[in-house]
Every structure is written in structure tokens, then in C-alpha cells.
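Participant: Turn this into a structure:
(one chain, ligands or ions: 1)
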Amino acid sequence: MPPPTPIPIPLFASTQLNLLLEEHAAEVSSSKLASTAASVSPATRRTLQATGYALTGLILSQCRTGLGGRVVGEFAPDPAVASEESRSADGTPRLGSHGIRVGDVVRVSDVAGAGKKVGGKDKEKEKEKDAEKGVEGVVTRTGDRAVWIAFGRQGGGTSKEDDEAVEELWGKKVWAIKLANDVTYRRMRQTMEKMVKMTESDHSHFMRVAFGHTTPLQLDTEACGPVEFLDPTLNDSQKDAIRFALASRDIALIHGPPGTGKTHTLIELILQLVQRKKRVLVCGPSNVSVDNIVERLAPKKVPVVRIGHPARLLPSVLEHSLEVLTQTSDAGGIVKDIRKEIDEKQASIRKTRSGRERRGIYDDLKLLRKEFRERESKCVDNLVRESSVVLATLHGAGGHQLKNQKFDVVIIDEASQALEAQCWISLLGAEKVVLAGDHLQLPPTVKSTGQKSKDKPSKGSDEKTETETETLKGVSLERTLFDRLLALHGPGIKRMLTTQYRMHEKIMRFPSDELYEGKLIAGDAVKARLLIDLPYEVEGTDDTQEPLVFWDTQGGDFPEKAEDEISKKGALLGDSKSNEMEALVVARHVNNLIDAGVRPDNIAVITPYNGQLALLSRMLREKYPGLELGSVDGFQGREKEAVVVSLVRSNEEHEVGFLGEKRRLNVAMTRPKRHLCICGDSETISHGSSFLKHWMDFLEENADLRYPDAGDLLG
Ligand SMILES: Nc1ncnc2c1ncn2[C@@H]1O[C@H](COP(=O)(O)OP(=O)(O)OP(=O)(O)O)[C@@H](O)[C@H]1O
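Facilitator: Residues are numbered from 1 along each chain as shown. Coordinates of the predicted model:
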């Protein structure tokens, strides 16, 4: 492998900053949430509620100190405005349907915009200003009769300003609007800004490797000693990947194709590292990816701590959450008493009429909170320091709790699903890094159009020299760190997991041969599993005894149609495609599976086009509520016993649009365990690319090939 071309770190970071700016702008304008002002008309508020963005007609019914010393407000429907229909049998008003979910960031404000008493002509202006202010929080619980919102800083505690703002809400009619959560962007931006400013002497060895200023060090097999595996079920490729990651001194990639047990492997790796007295930081791009590891690690009795807002964590991992530990652990004792005192003070505010007394209580609260924060931060520091394994989302790793913490190894799971800038939040101080992922599945979704071309570094590229532009080739938001490192240092820095525990051998064959160098092996337990072998009664039919079916719609009787894609709010999102005749083929296949006894919740129908998804939903959702219908992109990371894929494209021009993206098709064809049914026009699709041509040839030779009859379907 020729030596890599070094990328100047500040140049890389400034390019990323530009790209992030564009992306954030694209995201904000598509959601329009951040720009929605609080002082809006009642009709707009109702529309926002109907489209899932707001909850209106609320009153603050209770307040208490919740996790991390935050004020948690309970918001119930205002009895004065609740209609008869929206009340339960005993007359209590109910919330009705809304789209506010646990973990959402919301702003709660007074619907009238009434704040402090002001008079004269400034009154209106003042009102507007106060209403716009509101107070931000995170939804911690939603119920039939109330929603609970925690106010205050990420990491715990509520400031005096928050206290007062929440107090202002008592007795008012209020509403809550969902806000765009831009913590991730802020942290990515801060990290890139830091990287721009770093001088060469600030760069760690790992950073120098990551940008091609040096090559990875030789493996150190001696230092890691002989490996005695704790999990007897590990297969050889998993063991090999673990040995490699233990011996690596700076970078190790674990390449996990679909169903090959990436997380399974990471759990053993973490345990091996802890045995060797290493401190490990484990991150992932989403809360679910991190919680998945906490859940599997917790029974192993290793001291773990999970950082992140408790409202966003799975209930099963809450006991390991840093904020919960600050209350339940021995170390947490020192913050308990003061919490009680804060609660009592808080309650006394409402009993006080005199403004002077109130101000006095606020001042006391301020002091108490300061003391609380000091004690809590000591307690947090101790808890984190004593944990061998700390887990957080990538952006969570940028929080104050980890500011002065050193780790021997940073592990990132689902690294090919994370933006590179996001990874760097956790990597600036890292010495050794393990990334697990699969660069042959879809990268994170990028909205801004400038990102798509890999050869176009950024908007500001015209200011760069030709050499710089050349060096930055291949740097885009869409390109992940995993992918870039592999291209930079070659396959020597990775180990691939090769036994997959999901798909029937025949379903696995094509992706294995075409994308994974023919290296995938189907585990014994899965390689011959059919729908007929499901652990409940399934009739033996042509479908339930066949793992791979191809309904070939070639011939022109199943044409695609262009469709306008409409968002929930009625805005035009762009055009999509649908194919009504093909949808009938899909529906018939689903009917046949269900008639044979396959449970609807064991079946998924997926398609790359939203237009087709809408059409299929209209046809099938009501009939089979358990059936899962989704987009291919949204189904990444998931699996089902049977998967029906609707490819949609069928046109004389042989245009295939985003079916041209191998990684999307890879995701589509690797979701099923026992049965994969493809519906599509082989004539159109085989003209799309050599990959698509090979696929169509493969299906023709290996699948149970069927030709639908348009007349029969319509009749
Ligand atoms: N060595 C093994 N022996 C038997 N089963 C295994 C082994 N390794 C993993 N599995 C099984 O394979 C499945 C996938 O494992 P895991 O969830 O760790 O995979 P993953 O690679 O993280 O998932 P995905 O491929 O969907 O990203 C699980 O059901 C797991 O129990």
C-alpha cells in the first residue's frame, strides 16, 4: 500500500464546518420547527397540534424536583377549555391525540403571551417578548391525562432563571411546541472549531494516523497477552477481531456485515479490556445503539455508567444512568438532603403572597442550587472516575461530565452510521480507537444537496489551492470516518466478521458474493430455515418452502408513475415514484403468505420510494395492522422472518434512480431471515448498473421466478 496522502487537519475541520453549516440550514428549513415563534394564533397552534408538533390547552398542575435536580412540571389539559368528548367517564379532561413524545425538546409558553404586568403602549411588545421566551425542557413522560416536562440544564440542575420562568407558568393557559434539537450540531461545530485551532503539537498520535500524517503502529500481541475468551459461543472471525482489536495500538476497524454479531463481539472486547484494567468509553450515534450495549453489558457485573438525559434512555438501562446513580448510590447521599430542602422551598413559593418574601425565597433557592450543583458535580466526577466503562452517545461524549476524563480506548459502535464530525466529539483525546460498522450499508442521511458529490469538498473550496482541493477529495459529510480510514490505510486495519446469524443461505448468497468478497457463511442454525419451520403452524406452500422468490414484472404492463410527495403538513417535498400494478403483486404475495398461516407481524414490506410506500399503506395497513410497512432506509438495522421488496422502477428509458445505490439494495436484501420476495421489472433494472445486472441474472438463475398476469390481478 503506498503511503497515504496526508490531509491538513485545520483544512479538514474548516471544510467540515462549512458542510455542517449547510446541512444544519437544510435541516432547519425542512423542519421549520426552530423558526416557529411562540406567539402564534390559536388556529396555528391547533394545526401544529394536529400535525404532531405541539400540544395546546394545557395548565401547569404540579411541580417537583426530578432527576438531576431538575424541576419537573406536570401539565394537564385545561378543564376550562376541554370539550365534553375529550373527558373520561369521571369527567377528568384528557389530552387527546398529539405527537409529543418522551425525549422531545419542547418550549412551554403562555398562550396569551402575558408575562409581567406592564402598562401603556409597550404592553403589546412586552407580551410578545415574554411569550416568545417561554421555557425549554425535555418531555419525560406522557400519559392520557398529563405530560411531564423536565426543565433545566443537560446534566442536571435548574437555574434561577428557569425556576422563575416555570413559576410564571402557574395559573396560565400554556402550550408546548417541539423544537429542533441542535445539541448534536453545536457539539460537532465546537469540536471542528477546536480542531481548526489546534497546532501540530496538540495532535495526538491517533489524529496523525487518522489524517494520514503517519501510519498505524505495528500490532502489540505480547502486551495484550494470551486471550481467554469468556463467551464460549464466539466464532473464529469474532475471536480474531477481538484479538486484533486488543493488539492494535491506535486503530482497529471491526467490519460487521448484516447479522454477523458486531455487538456480540464488542461486548466480549469490552470485558477483555476491563480485565486488562483499561478504561473504556463506548459511544454510538443514537441512544438506542448505546442502550443496546448497556443492556447486554449490565448482567456481566462490570461497573458501567451511562451518560445522557434519563428521559431518552430505555427504562431497562435507567439504573445505570449517571443521573439516577447520583441519587441511588452511596456517593449520591450527599446530594439527597439538599434536594429535599430545594423541594420544600419551591413549594413554599406558592404559599407566599408578598413579593419581597418571594424574592427572598428565590435567592435562597439560588444558593441551594449552587450548593447542589457543587456537591452533585463532585459526586458525578467520582462516579465516572470509578467506572471502568462509560457509555454515551457521540454527542453526549461532548458534555461537561467527561471534560477531564481520560480513557485508554474509545469504541464506537455503528460507526458507519455516524457523521465523521460526530465521531470526533469523542475522539479528540483518544489514544486508541475501535470502530465497528459496515461501510457497505447506508451512511447517515444527509439533506443538503452539496454533500452528495464526493468530489466536491465544500462551498468555500474556491478559496483553496488546487493541491488542497485535490487532498480534500473524498471528504464530504456523507463519507464516514470508517470508510475514509479504510481507504487511507487499506484493509490491514480491519477484521471482518464472516458468520451471519440471520439469513437463509440462499438469501445471503448474492450480497456475500457481490459485496463481501464471497466470505459470508450462514450459521448452522439459520442456513436452511424456512417459513414452514416457524414455531407455529404454517402450511407448506410454494412460498413458505422457498427462501427466494422473484416476481418479474417485465414487459411494460407494470409501469411506474411519478408522484408528488406531500409532507404531513401539506408541503410539497419533491417527486417520488409509485407503481400501482406492482403494488397489486406485492399485496397478493402478502395475502398468500398470511393465508398460509404466516403471522402479519412476521412480515415486512419495504420499498425505496415514499410514493409507493403511501400506496402500499393504503392497500394493506387497515387489512393487516400487524404487518410492517416501511422505507428501505428506515429499515436498516432491522430484521423480519419474511420481507417483500417493491422496487417500483419500470420505464422505457431504463432509469433506476436511487436503486443505483448498492448500499441501499444491500440493506433491502439483507433484512429477511427465512423468505425474501423481490417485485420488480428486470428489464429496466438490469440496465441500471453492472451490480444491478448481476443481481437480475442471479435472481433469474437462483430465485423461484414468477411472471405476474396483469389481467388476472385487475380482475
Ligand atoms: N457466535 C455466535 N453464535 C451464535 N449466535 C450469535 C453469535 N454471534 C452473534 N450471534 C447472534 O446473531 C444475532 C446478531 O447479533 P448482534 O445483535 O450482536 O449483531 P449485530 O451485528 O450488532 O447486528 P446487525 O448485524 O443487525 O448490525 C443475535 O441474535 C446474536 O445472538
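Participant: Enumerate the residues of this protein near the ligand.
Facilitator: Within the chain, the residues that sit near the ligand (CB under 6 Å from any ligand atom) are 233-235, 238, 256, 258-264, 501, 637. Backbone N, C-alpha and C define where each C-beta goes, glycine included.
Participant: before we move on, which element is Val166 in?
Facilitator: helix 160-168 (DSSP states H and E).
Participant: Of all the residues in the helix ranked longest in the chain, which ones are buried?
Facilitator: For the chain, the longest helix by residue count, based on DSSP state H, is helix 355-386. Buried positions in helix 355-386, judged by neighbour count with 16 or more other CB atoms under 10 Å: 358, 361, 365, 368-369, 372-373, 375-377, 379-380, 382-384.
Participant: quick one, it and helix 160-168 angle?
Facilitator: Between the axes of helix 355-386 and helix 160-168, defined by axes from the mean of the first three to the mean of the last three CA atoms, to 10 degrees, the angle is 130 degrees.
Participant: ok, back up a step: any chance of the residues of the chain next to the ligand in a markdown table with secondary structure and pLDDT as columns?
Facilitator: Converted to a markdown table, these look like this (DSSP: H, G, I helix; E, B strand; the rest coil; pLDDT from 0 to 100):
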| residue | secondary structure | pLDDT |
| --- | --- | --- |
| Thr233 | coil | 96 |
| Leu234 | coil | 98 |
| Asn235 | coil | 97 |
| Gln238 | helix | 98 |
| Gly256 | coil | 97 |
| Pro258 | coil | 97 |
| Gly259 | coil | 96 |
| Thr260 | coil | 98 |
| Gly261 | coil | 96 |
| Lys262 | helix | 96 |
| Thr263 | helix | 94 |
| His264 | helix | 95 |
| Tyr501 | coil | 97 |
| Gly637 | coil | 87 |
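Participant: Now do the strands in the stretch 401-550 of the chain.
Facilitator: In the stretch 401-550 of the chain, the strands defined using DSSP state E, counting those that start in this stretch lie at 409-412, 432-437, 494-496, 499-500, 521-522, 548-552.
Participant: Throw these into JSON lines and include mean neighbour count and mean pLDDT, thanks.
Facilitator: Output for the strands of the stretch 401-550 of the chain, formatted as JSON lines (neighbours: other CB atoms under 10 Å; pLDDT from 0 to 100):
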{"stretch": "strand 409-412", "mean neighbour count": "26", "mean pLDDT": "98"}
{"stretch": "strand 432-437", "mean neighbour count": "25", "mean pLDDT": "98"}
{"stretch": "strand 494-496", "mean neighbour count": "21", "mean pLDDT": "98"}
{"stretch": "strand 499-500", "mean neighbour count": "22", "mean pLDDT": "98"}
{"stretch": "strand 521-522", "mean neighbour count": "19", "mean pLDDT": "98"}
{"stretch": "strand 548-552", "mean neighbour count": "22", "mean pLDDT": "98"}
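Participant: could those strands go into JSON lines alongside distance to Val280?
Facilitator: Shown next, in JSON lines, are these (distance: least, CB to CB, whole Å):
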{"stretch": "strand 409-412", "distance to Val280": "5"}
{"stretch": "strand 432-437", "distance to Val280": "9"}
{"stretch": "strand 494-496", "distance to Val280": "19"}
{"stretch": "strand 499-500", "distance to Val280": "25"}
{"stretch": "strand 521-522", "distance to Val280": "30"}
{"stretch": "strand 548-552", "distance to Val280": "41"}
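Participant: helix/strand/coil for Leu60?
Facilitator: Secondary structure, DSSP: H, G, I helix; E, B strand; the rest coil: Leu60 is strand.
Participant: which stretches of the protein have low pLDDT?
Facilitator: Along the chain, segments meeting pLDDT under 70 span 1, 29-39, 66-69, 82-89, 113-133, 153-161, 329-332, 334, 448-475, 564-575.
Participant: give me the residue from it nearest the ligand.
Facilitator: The minimum distance from the chain to the ligand, using CB to the nearest ligand atom, falls at Gly261 (2.7 Å).
Participant: what about that residue, neighbour count?
Facilitator: Residues lying near Gly261 (other CB atoms under 10 Å) number 22.
Participant: For it, give me its contacts.
Facilitator: Each residue near Gly261 by CB atoms under 8 Å, 6 or more residues apart in numbering is listed here: 235, 238, 497, 499, 501.
Participant: Surely the first one and Ala522 touch.
Facilitator: The reference is to Asn235. No: in this structure, Asn235 is not within contact of Ala522 by CB atoms under 8 Å, at 11.9 Å.
Participant: Now the common contact residues for those two.
Facilitator: Common neighbours of Asn235 and Ala522 (CB under 8 Å, 6+ apart) are Thr499.
Participant: Include distance to Val72 when you put the residues of the chain next to the ligand into JSON lines, please.
Facilitator: Formatted as JSON lines, the residues of the chain next to the ligand follow (distance: CB to CB, whole Å):
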{"residue": "Thr233", "distance to Val72": "43"}
{"residue": "Leu234", "distance to Val72": "44"}
{"residue": "Asn235", "distance to Val72": "47"}
{"residue": "Gln238", "distance to Val72": "43"}
{"residue": "Gly256", "distance to Val72": "39"}
{"residue": "Pro258", "distance to Val72": "41"}
{"residue": "Gly259", "distance to Val72": "41"}
{"residue": "Thr260", "distance to Val72": "42"}
{"residue": "Gly261", "distance to Val72": "40"}
{"residue": "Lys262", "distance to Val72": "37"}
{"residue": "Thr263", "distance to Val72": "33"}
{"residue": "His264", "distance to Val72": "37"}
{"residue": "Tyr501", "distance to Val72": "42"}
{"residue": "Gly637", "distance to Val72": "32"}
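Participant: Any of the residues you listed buried? List them.
Facilitator: By 16+ other CB under 10 Å, the residues of the chain next to the ligand give 234-235, 238, 256, 258-264, 501, 637 as buried.
Participant: all helices of the stretch 1-150 of the chain, in order?
Facilitator: Read by DSSP state H, counting those that start in this stretch, the stretch 1-150 of the chain holds these helices, from start to end of the chain: 9-31, 42-50, 123-133.
Participant: likewise the stretch 551-700 of the chain?
Facilitator: With DSSP H, counting those that start in this stretch as the criterion, the stretch 551-700 of the chain has helices spanning 580-595, 610-620, 662-669, 682-686, 690-702.
Participant: could you give the angle of the last one to helix 662-669?
Facilitator: It refers to helix 690-702. Using the same axes, to 10 degrees: helix 690-702 against helix 662-669 is 30 degrees.
Participant: what does the helix or strand just after helix 690-702 contact?
Facilitator: Once helix 690-702 ends, the next helix or strand along the chain (criterion: DSSP H and E) is strand 704-706. Applying CB under 8 Å, 6+ apart, the contact partners of strand 704-706 are 542, 546, 548-552, 699.
Participant: If we use 7 Å, what do you get?
Facilitator: With contact meaning CB atoms under 7 Å, 6 or more residues apart in numbering, strand 704-706 is reached by 542, 546, 548-552.
Participant: Now the element after that strand, going C-ward?
Facilitator: Per DSSP H and E, the helix or strand that comes after strand 704-706 is helix 710-714.
Participant: same for that following helix, what does it pack against?
Facilitator: Judged by 3 or more CB pairs under 7 Å, 6 or more residues apart in numbering; DSSP states H and E, the packing partners of helix 710-714 are helix 580-595.
Participant: Please put the alpha-carbon coordinates of the helix it packs on into PDB.
Facilitator: Extracted as PDB, the C-alpha positions of helix 580-595 are listed here (Å, rounded to 0.1, in the frame of the first residue of the first chain):
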ATOM      1  CA  GLU A 580     -49.800   0.600  -8.800                       C
ATOM      2  CA  MET A 581     -49.700  -2.700 -10.700                       C
ATOM      3  CA  GLU A 582     -46.600  -3.800  -8.800                       C
ATOM      4  CA  ALA A 583     -48.300  -2.900  -5.600                       C
ATOM      5  CA  LEU A 584     -51.000  -5.400  -6.500                       C
ATOM      6  CA  VAL A 585     -48.400  -8.100  -6.900                       C
ATOM      7  CA  VAL A 586     -47.000  -7.200  -3.500                       C
ATOM      8  CA  ALA A 587     -50.400  -7.300  -1.900                       C
ATOM      9  CA  ARG A 588     -51.200 -10.700  -3.500                       C
ATOM     10  CA  HIS A 589     -47.900 -12.200  -2.200                       C
ATOM     11  CA  VAL A 590     -48.600 -10.800   1.300                       C
ATOM     12  CA  ASN A 591     -52.100 -12.300   1.200                       C
ATOM     13  CA  ASN A 592     -50.700 -15.700   0.100                       C
ATOM     14  CA  LEU A 593     -48.200 -15.700   3.000                       C
ATOM     15  CA  ILE A 594     -50.800 -14.800   5.500                       C
ATOM     16  CA  ASP A 595     -53.300 -17.300   4.100                       C
END
